[in-house]
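S.K.: sequence and computational prediction follow.
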Amino acid sequence: MKKVERINTIMRYINNRAHFTITEIMQEFNISRSTAIRDIREIEAMGMPLVAEVGRDGGYFVMNNSVLPTVRFTDNEIKALFIAFMATRNQQLPYLKSRQSLAEKLLGLISENQQDALVLLNQILLFEGTNPHNPDLLDLSDLPHPMLEKLIQLLLLDRYLLVSIEEEKIIKSYPIYLLHLYREKSFWLIEGFDLNEEKRRIIPVDNLTNVDPYSIKQRLSEKRILERLSKQDEEINLVLELGPKAIAQFKKYHPLKVSISYTNPYQTTAVLKTFINVINAEEIAEITNWLLFLGGDIKVREMPDEVLNGIRERLILFSP
């Protein structure tokens, strides 16, 4: 019996008894004491409210006669879960090992017919990043940066962090208040408020060497941080009107921090307003490429000369 199937069977066994012991589990499922203890601990970690009794004849019982609810999935719910897994393959998402074990547990709960349907879906559905020659329902091998999960665990407890990164083979540390953790163009990025320099800072997670909670004594209050940020907000210098074709292109891809406001109830026209850092040559090149991607269904209300010149150069370069 596979581990997932055994644990599911043990859970059902426990639900049907007011009291049980490790010895009973060992005898019923023909497993060693250490295996029985590991399985019980895993069942507890899944949320089953077990209470251990001390004494010679001690064992376990379910707290307050709680009964683990039977988990049943409809065919469409199962398809939705696994299609989500398939669509996010090779995305360097955190907790990939947990997602794999979750998929294995779900497979242990469903019928053979449902499993056959998932295998067929896996054969015929392809998503970006999928290897068509080797699709695998549980192929979650593209582990993200090893610091990503630690970072998430820490920021759930505290957003004041001391992050260490490698820059030109030198380790530098920055105390930050984390504003956002986001993924763009296949890279995980930290947007934080630098508590020393009191400004926004973008830090690639791939450059992280360590992350720790920051000293409480040296912190700025969240209110003060937000006040400083509000004073540093950049002035809008790019304003565009988008028609339906440009809106369709915008929906296919747009920079994370760029948004549009629809100007009619049918969502066929919109206005885009944002700030472009004209000092940053890389940002100018990226926004130029993206504006060309939007196509000709746009009207320019305001645009930095640096961006306009970049577009003209690209158009001349590719004209016949």
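M.R.: Sure thing, it's come through. This is a predicted model, so every value here is computed, not measured.
S.K.: tell me where this structure has helices.
M.R.: Taking DSSP state H as the criterion, the chain carries its helices at 3-15, 22-29, 33-45, 75-87, 96-109, 112-124, 147-157, 222-232, 244-252, 281-294, 305-318.
S.K.: report pLDDT for the spatially most central residue of the chain.
M.R.: By CA atoms, centre = their mean, the mean C-alpha position of the chain lies nearest to residue 93, the distance being 5.3 Å. Taken from the predicted model, the pLDDT recorded for residue 93 is 82.
S.K.: identify the residue nearest it in space, chain neighbours excluded?
M.R.: Nearest residue to residue 93, sequence neighbours excluded (CB to CB, 6 or more residues apart in numbering): residue 144, at 6.4 Å. No exception for glycine: its C-beta is placed from N, CA and C like everyone else's.
S.K.: tell me the spacing between the one you found and residue 205.
M.R.: Counting by CB to CB, to the nearest Å, the gap between residue 144 and residue 205 amounts to 8 Å.
S.K.: anything in contact with each of these two?
M.R.: Common neighbours of residue 144 and residue 205 are listed as residue 188 (criterion: CB atoms under 8 Å, 6 or more residues apart in numbering).
S.K.: so those two - more neighbours on which side?
M.R.: Each of residue 144 and residue 205 had its neighbours counted (other CB atoms under 10 Å), and the higher figure belongs to residue 205 (21 against 17).
S.K.: correct me, but that one touches residue 145?
M.R.: Yes. Contact status for residue 205 versus residue 145: in contact at 5.1 Å, counting by CB atoms under 8 Å.
S.K.: hey, what's in contact with both of those two?
M.R.: With contacts taken as CB under 8 Å, 6+ apart, residue 205 and residue 145 have residue 188 as neighbours in common.
S.K.: burial of residue 76, as a residue count?
M.R.: By the other CB under 10 Å criterion, the neighbourhood of residue 76 contains 8 residues.
S.K.: same check on residue 111?
M.R.: Tallying neighbours of residue 111 according to other CB under 10 Å, which is how burial is gauged here, yields 10.
S.K.: just the CA trace of stretch 113-123, in PDB.
M.R.: Presented in PDB, the C-alpha positions along stretch 113-123 are these (Å, rounded to 0.1, in the frame of the first residue of the first chain):
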ATOM      1  CA  ASN A 113     -11.900   6.800 -14.100                       C
ATOM      2  CA  GLN A 114     -11.100  10.200 -12.800                       C
ATOM      3  CA  GLN A 115      -7.300   9.400 -12.900                       C
ATOM      4  CA  ASP A 116      -7.700   8.300 -16.500                       C
ATOM      5  CA  ALA A 117      -9.400  11.600 -17.400                       C
ATOM      6  CA  LEU A 118      -6.500  13.500 -15.900                       C
ATOM      7  CA  VAL A 119      -3.900  11.500 -17.800                       C
ATOM      8  CA  LEU A 120      -5.800  12.300 -21.000                       C
ATOM      9  CA  LEU A 121      -5.900  16.000 -20.200                       C
ATOM     10  CA  ASN A 122      -2.200  15.900 -19.500                       C
ATOM     11  CA  GLN A 123      -1.600  14.500 -22.900                       C
END
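S.K.: list the buried residues for it?
M.R.: With burial defined by 16 or more other CB atoms under 10 Å, the residues of stretch 113-123 counted as buried are 114, 117-118, 121-122.
S.K.: report the two of those separated the most.
M.R.: Across the buried residues of stretch 113-123, the longest distance by CB to CB is 12.9 Å; it joins 114 and 122.
S.K.: quick check: pLDDT value at the residue nearest to residue 93.
M.R.: With respect to pLDDT, residue 144 scores 78.
S.K.: cool, and residue 229?
M.R.: Looking at residue 229, its pLDDT is 84.
S.K.: can you check residue 210 too?
M.R.: According to the model's per-residue confidence, residue 210 sits at a pLDDT of 93.
S.K.: residues near the residue nearest to it when sequence neighbours are not counted, how many?
M.R.: Nearest in space to residue 210, with sequence neighbours left out and distances taken as CB to CB, 6+ apart, is residue 164 at 4.3 Å. Taking other CB under 10 Å as the criterion, the count of residues near residue 164 is 15.
S.K.: that concludes my questions; thank you for your assistance.
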